[in-house]
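Q: Provided below are the primary sequence and the corresponding predicted coordinates.
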Amino acid sequence: MTELRALLAAELRVFARDKASLTLTFLFPLLFILIFGSLMGGMGSAEGRRLGLVVAGEDAETLRSVVAQIGQLETTEYVAPADLDAAVTARDVDFGLVWDGRTLTTVVDVRRFEENSAYEEIARGIASRFNLAIQGREPLVDVEKIVEGSGANANWLTRVLPGILAFSVLSAGLFAVAGHITSMKQRRLLDRLVVTPMHPANLVAAVVVSRLGVVFASTLITLAAASLVFRVELHVHWVRYVASVVAATVGSMGLGTAIALVVRQPSSAGSLANVLSMTMMFVSGIYFPVEIMPAFLRAISAAMPLRYMADALRYATGVMDMSPARFWATNAVLLGLGVALLPVLSRYLVRAERR
C-alpha cells in the first residue's frame, strides 16, 4: 500500500507538470462549451430572438396578437420598411416581418446565413398561425412537445454537453497510456523501475487511479461551467454518472494500451491517439446526430466506443432515455475492455528492453 501511495503521488505530480495534458483535460472541454454554447446554444429556438415588425392595413392587430402568442420573441415595431431594413443590417433586431395588408414579407440579413434558417422557420410558423387567424380558424391539430430525459431541456447544447464530457474522458484515457507510458519508456524510466521491488501492477493502478481523479474533476468543472454560464439544466443520476465515468475512463485506457503496444515512439503514439479521438468525435454523434449521417457513416459510428460513452453519459445526465439493461451492458463492455487490456500493459512494462 505504501508503494502504491508513493506511485500515485508521483503520478499526480507528473500530471500537474505536464502542461499539454492539463490543457487537454481541463481547458479544451471548457473552450468547447464556451465557444459552441455561445455560437449555437439557442439553435432552433425562438427564445431571446429579436423581431422587427412593420404592420399596416387590415388585420394589423391580428398579426400583433399572433406574434404576442409566441411569447419568447422580443418585438420592436418600426414605422416604415426602410427603418426595419436598417435595423436588421445594424443587427438591432435579428430578423423582421413586414405586413402591408396583403403580403407578409420576411427580412433577414444575408450575412447571417448560419442563423437565417432558424429565423425563417420562426417566420413560417408565424405566417401559418396568421393565415389561420385572418380566416377566423383555429389550428386543426395541437402539437405537444414531449422532452425525453426526465424533463431536462432538450436544446442543442444540452444534448452536446454529455458528448463533450465523453470526448474529454476518452482523450484523458488514451493519452494517459499512449502518451505518458510510451514517454516513460523512451526516457528509460521504466528500465529503472523494473529493477526495483515495485510490482508493475502497482504502476498501472497508480496511473488508473490518478486519471480517474483528474477526469472526475474535469467533468465536474465542465458541468458547473455549463450550468453557470448557459443555464444548462441536467438531471444527473450520480450513481449512473460515476459508473459511466469510471467505465469510460478504464475502457479508454484499454484502447490506449493497444496503441502503446503497437507504436513505440511517444510522439507517434500521441499522434495516433489524437487522430483516433478526433475521428471518433466526428462520427460518434457528439456534435451532429447520427441519424442525419449517410448510411456508411452510421455503420462506422456503430463501431466507435465514443458513441456508447456519450449515450451512457446522456442517460446518466437525464438528456436521453435508454433501458437500464442497455446502460449497464454498455458500461460493462467498456469496463471489460480496460480490464482485459490493462494487464497486458503490466507485461509491457516488465519488458523494458522493448524498443
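A: Arrived safely.
Q: and the helix or strand hosting Leu132, which residues are buried?
A: Using DSSP states H and E, Leu132 sits in helix 113-134. By 16 or more other Cβ atoms under 10 Å, the buried positions in helix 113-134 come out as Glu115, Asn116, Ala118, Tyr119, Ile122, Ala123, Ile126, Ala127, Arg129, Phe130, Ala133. Backbone N, C-alpha and C define where each C-beta goes, glycine included.
Q: What ranges does the stretch 251-355 of the chain have for its helices?
A: 266-283, 295-301, 305-316, 324-350 (DSSP state H, counting those that start in this stretch).
Q: Quick check: next helix or strand after the worst-scoring helix or strand of the chain on mean pLDDT?
A: One helix or strand of the chain scores below all others by mean pLDDT, DSSP states H and E: helix 189-194, with a mean of 58. Where DSSP H and E defines the elements, the next helix or strand beyond helix 189-194 is helix 200-230.
Q: which residues of the stretch 1-150 of the chain score low on pLDDT?
A: 1-4, 7-8, 10-11, 14-22, 24, 37-48, 71, 114, 138-150 (pLDDT under 70).
Q: Swap in 90 and give it another go.
A: Regions of the stretch 1-150 of the chain meeting the criterion pLDDT under 90 cover residues 1-51, 56-75, 91, 94, 100-104, 108-150.
Q: ok, back up a step: highest mean neighbour count out of the helices of the stretch 251-355 of the chain?
A: helix 305-316 (a mean of 26; mean count of other Cβ atoms under 10 Å).
Q: Show residues contacting that helix.
A: With contact meaning Cβ atoms under 8 Å, 6 or more residues apart in numbering, helix 305-316 is reached by 149, 159, 162-163, 165-167, 169-170, 236-237, 240-241, 243-245, 247-248, 251-252, 255, 277, 280-281, 283-286, 290, 301, 320-322, 327, 330-331, 333-334, 337.
Q: got the angle between it and helix 266-283?
A: In terms of direction (axes from the mean of the first three to the mean of the last three Cα atoms, to 10 degrees), helix 305-316 departs from helix 266-283 by 60 degrees.
Q: mind saving the C-alpha coords of helix 305-316 as CSV?
A: The C-alpha trace of helix 305-316 is given here as CSV (Å, rounded to 0.1, in the frame of the first residue of the first chain):
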residue,chain,number,x,y,z
PRO,A,305,-16.6,3.3,-28.5
LEU,A,306,-17.1,7.0,-28.0
ARG,A,307,-20.7,6.8,-29.3
TYR,A,308,-21.6,4.4,-26.5
MET,A,309,-19.7,6.5,-23.9
ALA,A,310,-21.7,9.6,-25.0
ASP,A,311,-25.0,7.8,-24.9
ALA,A,312,-24.3,6.4,-21.4
LEU,A,313,-23.4,9.9,-20.1
ARG,A,314,-26.6,11.3,-21.8
TYR,A,315,-28.6,8.8,-20.0
ALA,A,316,-26.8,9.4,-16.7
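Q: chain center to stretch 262-280, what's the gap?
A: Chain-centre distance of stretch 262-280: 22 Å, with Cα atoms, centre = their mean, to the nearest Å.
Q: rounded to a whole number, what's the mean pLDDT of that stretch?
A: Averaged across stretch 262-280, pLDDT comes to 78.
Q: Give me the buried entries from the contacts of helix 305-316.
A: 149, 159, 162-163, 165-167, 169-170, 237, 240-241, 243-245, 247-248, 251-252, 255, 277, 280-281, 283-286, 290, 301, 320, 327, 330-331, 334, 337.
Q: List the contacts of Phe130.
A: Asp59, Thr62, Leu63, Val66, Leu104.
Q: what's the closest of these to Phe175?
A: Closest approach to Phe175 among these (Cβ to Cβ): Val66, at 54.1 Å.
Q: Pull out the buried positions in the helix or strand hosting the closest one.
A: Element membership for Val66, per DSSP H and E: helix 60-70. Using 16+ other Cβ under 10 Å as the test for burial, helix 60-70 gives Thr62, Leu63, Val66, Val67, Ile70.
Q: Out of those, which is nearest to Ala90?
A: Of all those, Ala90 sits closest to Val67, with 21.2 Å by Cβ to Cβ.
Q: Can you verify my assumption that that closest one contacts Leu53?
A: Yes: at 6.6 Å, Val67 counts as touching Leu53 under the criterion of Cβ atoms under 8 Å.
Q: circling back: beyond the helix holding Val66, next helix or strand please.
A: As assigned by DSSP H and E, the chain's next helix or strand after helix 60-70 is strand 74-77.
Q: list the helices and strands that next one packs on?
A: The contact analysis (3 or more Cβ pairs under 8 Å, 6 or more residues apart in numbering; DSSP states H and E) places strand 74-77 against strand 50-55.
Q: Report all helices and strands that the strand it packs on contacts.
A: helix 60-70, strand 74-77, helix 81-89, strand 95-99.
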